[in-house]
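S.K.: The amino acid sequence is not available; the structure is as follows:
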Ligand code: SF4
C-alpha cells in the first residue's frame, strides 16, 4: 500500500476489523435552511452527503439494525448526513448518546461544517473522549475562497482554520474533506489545499473527485456545458499528487467517492471504485508514495 489508509490504521489501533455505522441524526444545514444560504453547495443532493442512509429512523434503531447486520469486531458511529453540530448542545448530547449504547462502538465521528463549531459544542464533543475515540469531520473541499464562492460553500477558509485550531486545543482530531476537480481548479490549487492540511496537522483526509449527482446545481452546469468532469486519468494523477504531498502520518479515510448509481449523472468511471483506487495507487507508486513530495 502506497498510503496510510483508514482500514490499516484501525486494524493497527484496535487489532481487529472495525466497521462504520453511518447515521442520519435528523439534522439540516445552515447552507440550506437560510441561515447562511438556501441553495446549498452546488453538488449537494438535498440528502446532505448521506444518500445511502435510510432517512427518518430513530438513531438507536439505525445503530441496532447496523450492528445486527455487521460482522466487524468494533464500530465507528459516524453522524454523516447534513451538519451534525447544528443544534443546541443539549440536543446534540441526546443524539450522540442515543448512538453510543453498545460497547462494540469504539469511536464517535461527527461530520459538520466549521461555521457550526463553537466552544460549547467543542467541550461537549471532547467530553466523549473519556469513553471512546472521537473525531470531527469538516467538509472544506478547497483552500481557495474564490472556488468556495463558485461552489456556494458559504464560509471562508479562515473559518475552517479557526475551527481546526479550536478542536485541536481540546485534543479532538480532525478529518478534512477535499474535492478534486472543482470548477476552475488546477493541480496547483489541490496542492495548496494539501499544504493547508499539513500545516494544521489534521489527523485524516477524505478525497473524492467532483462527480455530478442528479438534481443538483452542478448537474445544471454540466448540462449547459459549463462544467466538465475530470477523466479517470486526470483524477488519478491529481489524487496521487495530493497524497504524495500529504504528511506520511496523515490517515487517508477515503480516496474516491461513493455516489449511488441511480444518482450518478457523470462521470461513469466514478462507479468503479476498485479501478479508481488501483489507478491512483499506480500513479502514487511512480511518485514514491504518500509524503514523498511533502
Ligand atoms: S454543507 Fe453539506 S449538507 Fe450543507 S449544503 Fe453543503 S453539501 Fe449540503
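M.R.: Nice, thanks for sending it over. No experiment lies behind these values; they were computed from the predicted model shown.
S.K.: which ones are touching residue 131?
M.R.: Applying C-beta atoms under 8 Å, 6 or more residues apart in numbering to residue 131 gives the contacts residue 100. For glycine as for every other residue, the C-beta is placed from the backbone atoms N, C-alpha and C.
S.K.: Quick check: the gap between it and the ligand.
M.R.: 28 Å (C-beta to the nearest ligand atom, to the nearest Å).
S.K.: confidence score at that residue?
M.R.: The score at residue 131 is 93. That number is its pLDDT.
S.K.: How about the one 5 residues further on?
M.R.: Predicted confidence (pLDDT) at residue 136: the value is 98.
S.K.: With residue 57 instead?
M.R.: On the pLDDT scale, residue 57 gets 89.
S.K.: Reduced to three states, what does it come out as?
M.R.: coil (DSSP: H, G, I helix; E, B strand; the rest coil).
S.K.: Make residue 1 into 128 and carry on from there
M.R.: Sounds good: first residue 128 from here, last item residue 184.
S.K.: ok, now how distant is it from residue 209?
M.R.: For residue 184, the distance to residue 209 equals 15 Å [C-beta to C-beta, to the nearest Å].
S.K.: got it, and residue 173?
M.R.: Going from residue 173 to residue 209 by C-beta to C-beta gives 10 Å.
S.K.: how far away is the spatially most central residue of the chain from residue 329?
M.R.: Centroid-nearest residue in the chain, with C-alpha atoms, centre = their mean: residue 304, separated by 4.2 Å. Here residue 304 is placed at a distance of 10 Å from residue 329 (C-beta to C-beta).
S.K.: Nearest to the ligand: which residue in the stretch 178-327 of the chain?
M.R.: residue 209 (4.7 Å; C-beta to the nearest ligand atom).
S.K.: On the three-state scheme, that residue is what?
M.R.: Judged by three-state DSSP, the three-state class of residue 209 is coil.
S.K.: Could you check how many residues crowd around it?
M.R.: The number of residues packed near residue 209 is 26, by other C-beta atoms under 10 Å.
S.K.: shouldn't residue 416 be in contact with residue 129?
M.R.: Yes. The pair residue 416 and residue 129 passes the contact test of C-beta atoms under 8 Å, sitting 4.2 Å apart.
S.K.: Settle it for me: which of those two has more neighbours?
M.R.: The neighbour count for residue 416 versus residue 129, taken as other C-beta under 10 Å, is higher for residue 129 (21 against 18).
S.K.: The helix or strand hosting the residue nearest to the centre of the chain: partners in the sheet, and parallel or antiparallel?
M.R.: Using DSSP states H and E, residue 304 falls within strand 301-307. Partners of strand 301-307 in the sheet, by DSSP bridges, are strand 260-268 (parallel), strand 331-336 (parallel).
S.K.: related to what we said a few turns ago, and the residue nearest to the centre of the chain, how far is that from residue 414?
M.R.: For residue 304 relative to residue 414 (C-beta to C-beta), the value is 22 Å.
S.K.: Does the strand holding residue 304 reach the ligand?
M.R.: No. Strand 301-307 does not reach the ligand (C-beta under 6 Å from any ligand atom); its nearest approach is 9.4 Å.
S.K.: and whichever helix or strand comes after that strand, what other elements does it pack with?
M.R.: Towards the C-terminus, the helix or strand next in line after strand 301-307, according to DSSP H and E, is helix 314-327. Applying 3 or more C-beta pairs under 8 Å, 6 or more residues apart in numbering; DSSP states H and E, we find helix 314-327 packed against helix 284-296, strand 301-307, helix 359-372.
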